[in-house]
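Asks: Structure for the following, please:
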Amino acid sequence: MPTEKLTFKGHAGDILAARLDMPNGPHLATALFAHCFTCSKDITAARRIAARLSSMGIAVLRFDFTGLGHSEGEFENTSFTSNVDDLIAACKELDARGMSPSLIIGHSLGGAAVLKAAPMMDSIKAVVTIGAPFDPSHVTHNFAAAIPEIVDQGVAEVSLGGRPFRIGKGFVEDVSQAALSASIAKLGAALLVLHAPRDATVGVENASDIFLAAKHPKSFVTLDDADHLISRAEDAEYAADVIAAWSKRYLKLETPKQPAQAPEGVMRVTEADANGFLQDIQSGPHHMLADEPAKYGGTNKGLTPYGLVSAGLGACTSMTIRMYARRKGWPLSGVSVDIMHAKEHGADAATGDAKVDHFERIIHLSGDLTEEQRERLLEIADKCPVHRMLERASTVKTVLA
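Replies: All right, here's what the predicted structure looks like:
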């Protein structure tokens, strides 16, 4: 996905750092992402969700709140209200670019902030919260022991996630007065609540309170045993897939002239994780993943490239056999094909001792077939177009876009 680094002015005029992840193909919608308390725009969940959404035509703006990440400003002078104002500033930046957001996503306290901000954004059609607190003051339990000092001295340094942060009295007072019920009730947009039942930072009862306060359409999806930060790659991947599938219904991405997918005839493969090998694969309305096993540095979330080739051979074989049996009216009740792939030394003059790709195919046929019919279907398997392609030389032309 093409990523543009950009900046815009936050609530107090400080320069905020942002990334705008753009689709490789048509731009069909825009999303705004708010990160968790004291986190940044580049955490695993934010990166993975942005990658997944951009693969389906949705641009994603993710930015660092004032005083965090690469943004300017003093964190000790920020508050829950300033986070909401930063979100509104981000929305105005997108408006000015002609990319008004229709989807807004918030993680943890960022989720509470998007619930507060969304009713003030006319373009929002769908809202997603991830591990969000119903009561924003819930966040103060992370530094409860320091609250007396903060109130007495006006500011105190606390350790959050192993990093030092200065929390101001204004933050504590502001977050204690924040209430979300009224904002949730007047969202005017579809709501998706994502929460892990075992979230030890923000209890799942918060998700229940948010869900009950909202009007339909609304949905709740469990993140099972994910941690609060959605730090495991598989949990971030799951959250991204759920958001991508759910948002299609409410963003209405499909248009007659601009489909929300790769153009017809194009198999689009986009890197999903620059730290590993995970790939998003899109063809028309279809989506799948490719990866490498963990022992080779991958996360084993999809078929390997060779596995995809084997799958193509197996699928084509099964389809070809079914097509022939159907045309003949033969009683074939089922087909399955086992494919094994290996590299072996060549055994002919053309290849010499060089290694060549060897595919072994075991075909299982069920149904009341005669022996002659079974033998004929075995012959038909060799007429599979992918089989023929693999057996003859192919050419690949590569150019830079």
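Asks: does the closest residue to residue 357 other than its chain neighbours sit in a helix, a strand or a coil?
Replies: Among residues not flanking residue 357 along the chain, residue 343 sits closest, at 6.0 Å (C-beta to C-beta, 6 or more residues apart in numbering). Just so you know, the C-beta spots here come from the backbone N, C-alpha and C atoms, and that holds for glycine as well. What DSSP: H, G, I helix; E, B strand; the rest coil gives for residue 343 is strand.
Asks: Now do the contacts for residue 343.
Replies: Residues near residue 343 by C-beta atoms under 8 Å, 6 or more residues apart in numbering: 355, 356, 357, 358.
Asks: What residues of the helix or strand hosting residue 307 count as buried?
Replies: Using DSSP states H and E, residue 307 falls within helix 305-328. For helix 305-328, the buried set under the neighbour-count rule, 16 or more other C-beta atoms under 10 Å, comprises 307-310, 312-314, 316-318, 320-321, 324-325.
Asks: Dump the residues you listed to TSV, plus pLDDT and distance to residue 279.
Replies: Output for the buried residues of helix 305-328, formatted as TSV (pLDDT from 0 to 100; distance: C-beta to C-beta, whole Å):
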residue	pLDDT	distance to residue 279
307	92	12
308	94	10
309	93	14
310	93	17
312	93	16
313	93	20
314	93	20
316	94	22
317	95	25
318	95	25
320	95	28
321	95	30
324	95	34
325	95	35
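Asks: Between those, which sits nearest residue 97?
Replies: residue 308 (37.1 Å; C-beta to C-beta).
Asks: from what I can see that closest one touches residue 290, true?
Replies: Yes. Contact status for residue 308 versus residue 290: in contact at 6.1 Å, counting by C-beta atoms under 8 Å.
Asks: circling back: what separation do you get for the residue nearest to residue 357 and residue 355?
Replies: Per C-beta to C-beta, to the nearest Å, residue 343 is found 4 Å from residue 355.
Asks: again, but for residue 39
Replies: Distance of residue 39 to residue 355, given as C-beta to C-beta: 48 Å.
Asks: So the two - more neighbours on which side?
Replies: residue 39 (22 against 11; other C-beta atoms under 10 Å).
Asks: so who does that one touch?
Replies: Residue 39 neighbours (C-beta under 8 Å, 6+ apart): 68, 107, 108, 110, 229.
Asks: And for the fourth one, the neighbour number?
Replies: Neighbourhood size, residue 110 [other C-beta under 10 Å]: 26.
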